[in-house]
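Colleague: no sequence on this one, just coordinates:
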């Protein structure tokens, strides 16, 4: 009896969840009729996005049923894409002939993706310049370059939010992020061929409660130019070079980074490395002035806790 009640509750929950959307997509619709309703959903994501963009901006939520969707999609302003689960919905960023799209999903301003897998493409997700976006409960994997590529912001009011997601098996970086306000929280970023996260200048915000492990270079790499970041309660484990790599890039204004409560362990080189890959000679206090370290746990990093250049 209890089992029957739970089945009914789950069915009603799914029905109510699906009923709150504006456009529906299901590749397994075989009725021969497609109008984007729950009864007659579109077969492709592209059709769903096109229909959503015909609606007013508050009526652009798309529900995607389980299945593999082999296509490239571009989410115009205000479109939100909700999948049946990141292990049940997969967007395949390849043509039928096997060529990778330049990007699998491109996100414009006020867009969101949730509950989908994104596989292949040169960039798994491309976040356009000028866009505030949210990615939640997604799986982004096997990208030919970067799992997520975030273009440089046009203003100081653009947000990039990533939470509860997995990014792995990219042939370059898990993420490459340029000027942006970020909130990167509770993600698993692992087994990417280069850095787990690569931050360029003028990135601000919070990176917390992530597991950044087993990447081919550093777990986190960042330029210390105009940054304002709080990095807390993350795990940087078993990366093939450093747990974290701070970089000096000339005489631009130093950033301010606070690292607290992180576990930085078993990385093949340093727990924290400091360097100047483009040349130049920072003042001896540059890194210690730019980075505030407190209550971090360092253990079993093969070369040392810090590189000599840091002067912490």
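Modeller: Done, it's in. This structure is a prediction, so every number in the text was calculated from the model and none was measured.
Colleague: show me the helices in this structure, by range?
Modeller: 2-19, 45-54, 286-290 (DSSP state H).
Colleague: what about the stretch 1-150 of the chain, any weak spots by pLDDT?
Modeller: Residues of the stretch 1-150 of the chain that meet the criterion pLDDT under 70 lie in 1-19.
Colleague: and what of the stretch 151-300 of the chain?
Modeller: 251-253.
Colleague: touching, residue 90 and residue 121? I think so.
Modeller: No: between residue 90 and residue 121 there is no contact under CB atoms under 8 Å: 11.9 Å. In short, each C-beta sits where N, CA and C put it, glycine included.
Colleague: which of these two has more residues huddled nearby?
Modeller: Remark: of residue 90 and residue 121, residue 121 carries more neighbours, 27 against 20, as counted by other CB atoms under 10 Å.
Colleague: what sits against the residue lying closest to residue 94 once chain neighbours are set aside?
Modeller: Spatial nearest neighbour of residue 94, excluding adjacent residues (CB to CB, 6 or more residues apart in numbering): residue 120 at 4.8 Å. Residues counted as contacts of residue 120 (CB atoms under 8 Å, 6 or more residues apart in numbering) are 92, 93, 94, 100, 101, 104, 142, 143, 144.
Colleague: one more pass at 6 Å, please.
Modeller: 92, 93, 94, 100, 142 (CB atoms under 6 Å, 6 or more residues apart in numbering).
Colleague: my read: the first one touches residue 70, true?
Modeller: Yes: taking CB atoms under 6 Å as the definition, residue 92 is a contact partner of residue 70 at 4.1 Å.
Colleague: the two: which has the busier surroundings?
Modeller: Taking neighbours as other CB under 10 Å, residue 92 and residue 70 compare with residue 92 leading, 19 against 16.
Colleague: before we move on, back to that, which of the contacts of residue 120 lies closest to residue 43?
Modeller: Closest approach to residue 43 among the contacts of residue 120 (CB to CB): residue 92, at 14.6 Å.
Colleague: which residues does that closest one bridge with?
Modeller: residue 70, residue 119 (DSSP bridges).
Colleague: with residue 167 instead?
Modeller: residue 140, residue 189.
Colleague: compute the number of surrounding residues for it.
Modeller: Residue 167, neighbours per other CB under 10 Å, totals 31.
Colleague: can you tell me how far it is from residue 94?
Modeller: For residue 167, the distance to residue 94 equals 18 Å [CB to CB, to the nearest Å].
Colleague: residue 218 contacts residue 247, doesn't it?
Modeller: No: counting by CB under 6 Å, residue 218 does not reach residue 247; the two are 10.0 Å apart.
Colleague: measure the closest residue in space to residue 301 that isn't next to it in sequence to residue 185 for me?
Modeller: What sits nearest to residue 301 in space, not counting adjacent residues and going by CB to CB, 6+ apart, is residue 271, at 4.0 Å. Distance, residue 271 to residue 185, using CB to CB: 22 Å.
Colleague: cool, residue 278 as well?
Modeller: From residue 278 over to residue 185 (counting by CB to CB), the distance is 31 Å.
Colleague: the two: which has the busier surroundings?
Modeller: residue 185 (17 against 10).
Colleague: before we move on, the earlier item: who's more crowded, residue 218 and residue 247?
Modeller: Just comparing residue 218 and residue 247: by other CB under 10 Å the higher neighbour count belongs to residue 218, 29 against 21.
Colleague: show the contacting residues for that one.
Modeller: 195, 239, 241, 242, 245.
Colleague: of these, buried ones?
Modeller: Neighbour counting by 16 or more other CB atoms under 10 Å classes 195, 239, 241, 242, 245 among the contacts of residue 218 as buried.
Colleague: quick check, nearest of those to residue 154?
Modeller: When the buried ones among the contacts of residue 218 are compared against residue 154 (criterion: CB to CB), the nearest one is residue 195, at 24.8 Å.
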